[in-house]
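> Below: sequence and its predicted model.
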Amino acid sequence: NAEYGETEYSMATEESVQDNFIIFTVASEANDPYMRYVRSLKVFGLDKYLQTLGLNQEWLGGDMNHPGGGYKVNLLKNAMEQYKDEDDTIVMFTDSYDVIFLADKEEILNNFRSTGANFLISAESYLWPDMSLESQYPDIKGKKYLCSGLMMGYASTFWAILNYKEIANTYDDQLYYTHVYLDPKFREQHKIQLDGTSKIFHNLHGAERELDLGFGSKRVTNWEQGTKPQVLHGNGPTKISLNRFGNYHPKVNDPTVGYKGKCLICDEKEGTIDVGNEEELPTILTTLFISVRTPFVDHFINKTLTQKYPRDKWHVRVYNRVWSHADHVQELVNYHAHNTDKHKFASFELYQPKETLSKNLSTMYEDAMVTCKDLDCGFYIVLDSVITLTDDNVFKDLIHWNKSVITTQLTQPGKYWSNFWGDVSRGFYKRSEDYFNLVKRERLGLWNVAFVNHLVAIRGDVIKNKKVSYINSKFDDSNYDVGFNANARSNNVFLFMVNLKEHGHLKSMDNYTSHRVHNDLWQIFTNPQDWKLNYIHPSYDEYLTKERPEFPEPCPDVFHFPLLSSKFSWHMINELESIPGDIFAGSGSNNDKRLAGGYENVPTVDVHFTQINFQQEWLKVLRDYVAPIQRRVFEGYGFHGNALLSFVVKYHQEGQRELRPHHDHSTFTTNTALNRQGIDYEGGGSFFIRQNCLVRDVDIGWTLIHPGRLTHYHEGKAITSGTRYILVSFNDP
C-alpha cells in the first residue's frame, strides 16, 4: 500500500489509447479507497487504460458533502481535448474513492454498444441536487434520476458534453450533467441515455437490497432488473456498504471455498512488509492504556512487553489511570524496562494517575498517538487493558499487512462482543449482514470494517499526515474511540480487521472485586479463559489425552498430574497470609464450628474455602479440570461435582508439623502442593500405610489424586523446617 501521494497510475499507456478505450478518474491523493479502485481495475487488466486527473494536486472543487465538484468537469475537459475528434474511442469516467469494477473491458464495451447510446450515464432513485427539476426528467425503464459518478461514451460525444457550458470549479458537477441530460434537443442529438436497469453501472444509494453478492462462481446480480452490473458505485451514504461489497469483490474473498472461505487477496504480496526480515521491520511505538480496574493486568503488561520484536526498534509508553494498580504497574515496568542491561527498549516511559487523571481520555489518547510522529515511527500500536494476548507475534502479524489502520479480531469468549463493528449508525454499532459470520470465524480473511478498537495498529504516515485523530466534538469523551473511527472514515482511511489467526480475546470487566489482595482468583466465572491461562498449570492439557498407564503413579492407585500454576499457588498463599490477624488461628482442634457437626476427628491447621468465599470457584475447578483427569485414572466412576470440604493446610515449626493416620471423608481426594519441598520446607510428604509408600518432592501446582475411604489409609509426615502449604479437597463425600 503506497503512502499518500505516491502512485504509478497517473497516465494511461500509448497501447491503451491506441486500443480505443480510456478510463478517466479524479483523485487528489492515492489513499486507501483509490488503491482499492486501482486494484479492482488490475484484476481485470483495466489499469493500463487508466488516467488519473488531479493527483497530488490541491482539490479545488469545494466540500463534497455539499453541492460542488465542478473541478472534476474542468479537469476532464482539459484532458479530453486531445481526443475530441475521435469518434471510435470510448471514454469512461468514474469516481475513484467509492467505485469498484466487477468485469473486464470486453463485457463493459459489449454492453455499452448494445444500448445504442452514444453516451451512457448511471442512474439512481434519488434526485440531487435540485429537486425542482423532477418534472423535467423523462420516464425510462428502471431508475430515472442521473448520477454523475459513472458515465461513458464516444470521445467526440463526451467532448461535446463537456463543452455544454462553462462552469466554475465549485459548481456542482451532478447539476451540470443534469442540465445536459434534461436538454431534450441536446440529449436526442447526442443520443444520451441513463442506465436505469444497471446494465453496466449500479449506484448503491437506495438500491443496496437489489443486489445479490454472488459468491463463488456467481456474479454480483441486480435481481430486480435481471442484470449483472460491471461497475459499482457507493454514492451518497453507502460508503460502508461499498466497503462490505469490496470485502468480497473483485476476487477478494470467496466464502464458498472450503470450511472457512478463501481469502484471495491475502495471497497478494504487493504492498505487504516482509516481517521475517528484521532489517526491514519499522520502528514502532506501543502504548498501553489502563483506564479502568482490570483483571489480570499483569498478564496484559507481561504478554505485551514480551512480544517478539527487536527492542532497539521498539518504543513503549504506559498510561495508567487507576490508583489501585499503580504499585503493581510500577513493579512490572521496573522488571521489563529497568532491571536488565540487555535488549533494552528504544525508550520507555510510564505515566501514573497523578499525571494521567488530569487529562480527559480523548486528549490522552491523542497525545500518545502524536508521540509516534515525534519519534518518526513506522507504526503506532495502541492497546487497552481489556485485551488478553495469547500469541507472541501479534505486532509482526499486523504490521505485515501494511494497512493504514488494522486490528486483529478479539472477542469475548462465548459471546458476540468484539473489537470491531461491521457497520455503524450515527457513529455507533449497527449489525452488518456478515457480522456473525466474521465474529464466529465462519469466514476468515482481511476485512474492511466500520469500527476497530482496543488493539489497533496505525501506520506512521497516516498519523504524520493528520488523517486520524481522537478529537471529535460530535462525541463525548467516553466515546473517544467512536470519534477516532468517525474521523478516519471521513478522511478516507480504511479500517481493517484480520481474523486469519487467533491472537487473543477480550476480557469482561464486569463484577471485578476490589477488596482482596488477589482479586483475579475470583474471576473463574467472569473470565474463565483468563483464569485458566493464569492459574491452570501450563502442562495440564497434555494430560487430557493420556491413558491411565501414562500417568505418574508413585504409589498404587495414587496418581500425579499438573493442575495449578505456580502463580495460583503464590497468590493463594499470599491472599491467606495477607488477611488481617492470623486466619489459620483457631483451627487445628477437634472442636470445629466451621463444620456442620462441629467436630473434626483428625484436625489440621487450615483455612476452609468457605471462609474466604472461594468454595464455588473451587467447585468449578473440580468440575472443569479435575473431573476429566479423574475419569482417565479411575475409569467407570463419574465425579458428582460435590466437595463439602476444601481447604488449605499449613504445616510449620511453631504449629502443626504433621498429621496422624486417617481416612479421608471422600470418594477420592486431591492434594495439591502449593510450595516447594527442599526450598520452602524440608521433610513432609504423604505416607500411604497399607501401600507402604511415601510421596515426597511433589512439584508446585502438581496434584495427587487417590481414593479417600477404605484402601488408602495415610498420614502427613512431619516437616523438619520451614512452612508447607497444601490444598486438599474431599470430593464426593
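Cool, got the structure.
> didn't residue 617 look like it was pressed against residue 519?
No - the pair residue 617 / residue 519 is not scored as a contact, 11.8 Å apart, by Cβ atoms under 8 Å. Glycine gets a C-beta too; all of them are placed from N, C-alpha and C.
> Contacts only, for the closest residue to residue 282 other than its chain neighbours.
Among residues not flanking residue 282 along the chain, residue 378 sits closest, at 2.4 Å (Cβ to Cβ, 6 or more residues apart in numbering). Taking Cβ atoms under 8 Å, 6 or more residues apart in numbering, we find residue 378 in contact with 282, 283, 284, 399, 459, 460.
> now residue 512
293, 294, 295, 519, 523, 526.
> hmm, 7 Å instead?
Taking Cβ atoms under 7 Å, 6 or more residues apart in numbering, we find residue 512 in contact with 293, 295, 519.
> By neighbour count, which of those wins?
The most crowded member of these, judged by other Cβ atoms under 10 Å, is residue 295 (26 neighbours).
> element containing it?
Residue 295 is part of no helix or strand when elements are defined by DSSP states H and E.
> Residue 232 pairs with what?
residue 100, residue 202 (DSSP bridges).
> Quick one: the helices in the stretch 551-700 of the chain, in order.
566-578, 615-621, 627-633 (DSSP state H, counting those that start in this stretch).
> Tell me which other helices or strands the longest strand along the chain touches.
As assigned by DSSP state E, the longest strand anywhere in the chain is strand 719-731. Counting contacts by 3 or more Cβ pairs under 7 Å, 6 or more residues apart in numbering; DSSP states H and E, strand 719-731 packs against strand 645-652, strand 668-673, strand 681-683.
> Determine which stretch of those strands is the most buried.
Greatest average neighbour count among these goes to strand 668-673 (a mean of 24), per mean count of other Cβ atoms under 10 Å.
> Whichever of the contacts of residue 378 end up buried, select them in PyMOL.
Buried subset of the contacts of residue 378, written as a PyMOL selection, criterion 16 or more other Cβ atoms under 10 Å:
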select buried, resi 283+284+399+459+460
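> Kindly present the contacts of residue 378 as a markdown table, with separate columns for distance to residue 498 and pLDDT.
Putting the contacts of residue 378 into a markdown table (distance: Cβ to Cβ, whole Å; pLDDT from 0 to 100) gives the following:
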| residue | distance to residue 498 | pLDDT |
| --- | --- | --- |
| 282 | 18 | 98 |
| 283 | 22 | 98 |
| 284 | 17 | 98 |
| 399 | 11 | 98 |
| 459 | 15 | 98 |
| 460 | 19 | 98 |
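> which of the contacts of residue 378 lies closest to residue 557?
residue 399 (53.8 Å; Cβ to Cβ).
> Quick check: the closest one vs residue 283, distance?
11 Å (Cβ to Cβ, to the nearest Å).
> try residue 700
41 Å.
> Next: residue 537.
From residue 537 to residue 283 the distance is 38 Å (Cβ to Cβ).
> ditto for residue 126
Distance from residue 126 to residue 283, by Cβ to Cβ: 48 Å.
> Likewise for residue 183?
59 Å.
> cool, residue 564 as well?
41 Å.
> cool, residue 695 as well?
Residue 695 is 54 Å from residue 283, by Cβ to Cβ.
> Please compute how far stretch 477-492 lies from its chain's middle.
16 Å (Cα atoms, centre = their mean, to the nearest Å).
> what mean pLDDT does it have?
Averaging pLDDT along stretch 477-492 gives 98.
> Just the buried positions in it, please.
479-489, 491-492.
> now stretch 320-328
Counting neighbours by 16+ other Cβ under 10 Å, stretch 320-328 gives 320, 321, 322, 325, 326 as buried.
> swap in stretch 132-150?
Quick answer for stretch 132-150 (16+ other Cβ under 10 Å): 133, 137, 142, 143, 144, 145, 146, 147, 148, 149, 150.
> same thing with stretch 700-711?
Going by 16+ other Cβ under 10 Å, stretch 700-711 has these buried residues: 700, 701, 702, 703, 704, 705, 706, 707, 708.
> for that stretch, how far is the first residue from the last?
For stretch 700-711, the first-to-last residue distance is 26 Å (Cα to Cα, to the nearest Å).
> what's the answer for stretch 328-347, then?
20 Å.
> distance between it and the chain's centre?
That offset, for stretch 328-347, works out to 27 Å (Cα atoms, centre = their mean).
> looking only at pLDDT, what's the mean for it?
Stretch 328-347 comes out at a mean pLDDT of 89.
> what sits up against that stretch?
Contacts of stretch 328-347 (Cβ under 7 Å, 6+ apart): 290, 297-298, 301-302, 305, 311-316, 318, 320, 348, 350.
> how about a cut-off of 10 Å?
283-286, 288, 290, 297-298, 300-302, 304-306, 309-320, 322, 325, 348-350, 352-353, 371, 375, 377, 385 (Cβ atoms under 10 Å, 6 or more residues apart in numbering).
> Any of the residues you listed buried? List them.
283-286, 288, 290, 297-298, 300-301, 304-305, 309, 311, 313-320, 322, 325, 348, 350, 352-353, 371, 375, 377, 385.
> which ones among the residues you listed are found in strands?
Going by DSSP E, the strands hold 284-286, 288, 290, 314-320, 348, 350 from the buried ones among the contacts of stretch 328-347.
> Please render those residues as CSV that adds distance to residue 410 to the earlier fields.
Compiled in CSV, those are given as follows (distance: Cβ to Cβ, whole Å):
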residue, distance to residue 410
284, 19
285, 20
286, 16
288, 15
290, 17
314, 21
315, 23
316, 21
317, 21
318, 20
319, 20
320, 21
348, 25
350, 24
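> Check those residues and tell me the two furthest apart.
Those two in those that are separated most widely, counting by Cβ to Cβ, are 284 and 320, at 20.5 Å.
> The stretch 301-450 of the chain: helices as residue ranges?
Counting by DSSP H, counting those that start in this stretch, the helices of the stretch 301-450 of the chain are 326-333, 353-356, 361-375, 394-399, 435-439.
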